[in-house]
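Asker: Output the structure for:
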Amino acid sequence: MTVGLIPGSFDPFHNGHLEIVERAAQIFDEIVVAAIRNPQKSEALFDLDERREMIAESLIHLDNVRIVSISTLLVNVARDVNATAIVKGLRAVSDFESELQMAQMNRSLSGVETLFLPSSSHHSFIASRLLREVARYGGDVAAFVPAPVAKRLAEKFPEAMS
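Answerer: Numbering: from 1, shown residues only. Here you go, the predicted model:
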């Protein structure tokens with residue numbers, strides 16, 4: 001059985017993430033989406049439990065996906081879930097530069113390969129950081145996130161989604 005591991009902070013989960021998961025779900029027998037607590041990023045808008053719930057609600061239509069939360073090395077999770085490959089979405093060349101280093105480190109530590117999937121052009125500009133900023137200042141980001149995420153953002157920033 002092939003298992004694709006898709007890690008990310010997913011704060012919040014958006015349509016670019018959704019696209020990568022849906023495409024990977026066609027390639028692998030099972031997809032494990034791992035919501036990560038990333039200490040290198042600013043304070044999270046949603047806690048790990050909230051992110052897991054939003055991701056699960058957004059992916060309910062896929063029967064070969066499960067969601068986990070992690071705060072350990074990705075290679076440990078890859079081993080624990082018997083990942084065939086780590087799957088990373090790429091929006092631009094700038095993403096590739098940092099993702100390549102992580103892929104090489106992960107392969108050196110565990111032997112697990114990384115598969116890069118380019119996002120479609122209509123999702124290539126979407127970034128969780130930008131969505132948080134737009135929503136925080138009252139902008140409507142509903143077109144860029146799955147409905148369950150839009151609902152949670154509206155609860156957090158009522159003026160943003162009106």
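
Asker: When you work out contacts or count neighbours from here on, use the C-alpha atoms and nothing else.
Answerer: OK.

Asker: distance of the residue lying closest to residue 12 once chain neighbours are set aside from residue 97?
Answerer: Spatial nearest neighbour of residue 12, excluding adjacent residues (Cα to Cα, 6 or more residues apart in numbering): residue 128 at 5.6 Å. Distance, residue 128 to residue 97, by Cα to Cα, to the nearest Å: 19 Å.

Asker: now residue 118
Answerer: 13 Å.

Asker: got it, and residue 147?
Answerer: 32 Å.

Asker: Packing partners of the longest helix anywhere in the chain?
Answerer: The helix spanning the most residues in the chain, taking DSSP state H as the definition, is helix 93-110. Here helix 93-110 touches helix 74-80, strand 113-118, going by 3 or more Cα pairs under 8 Å, 6 or more residues apart in numbering; DSSP states H and E.

Asker: any residues touching that helix, and which ones?
Answerer: With Cα atoms under 8 Å, 6 or more residues apart in numbering as the test, helix 93-110 has contacts from 74, 75, 79, 88, 90, 112, 113, 114.

Asker: Got a PyMOL select line for the buried ones in those residues?
Answerer: Applied in PyMOL, the following selects the buried portion of the contacts of helix 93-110 according to 16 or more other Cα atoms under 10 Å:
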select buried, resi 74+75+88+90+112+113+114
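
Asker: Out of the contacts of helix 93-110, flag the one nearest to residue 64.
Answerer: Ranked by distance to residue 64 (Cα to Cα), the contacts of helix 93-110 are led by residue 88 at 17.7 Å.

Asker: For the residue lying closest to that closest one once chain neighbours are set aside, give its distance to residue 23.
Answerer: Nearest residue to residue 88, sequence neighbours excluded (Cα to Cα, 6+ apart): residue 116, at 5.0 Å. From residue 116 over to residue 23 the distance is 12 Å, taken as Cα to Cα.

Asker: How about residue 77?
Answerer: In terms of Cα to Cα, residue 77 sits 21 Å off from residue 23.

Asker: And those two? Which one has more around it.
Answerer: residue 77 (19 against 12; other Cα atoms under 10 Å).

Asker: What are the phi and psi values at the nearest residue to the more buried one once chain neighbours are set aside?
Answerer: Nearest residue to residue 77, sequence neighbours excluded (Cα to Cα, 6+ apart): residue 70, at 7.7 Å. Backbone torsions of residue 70, given as degrees, to the nearest 10, read phi -140, psi 150.
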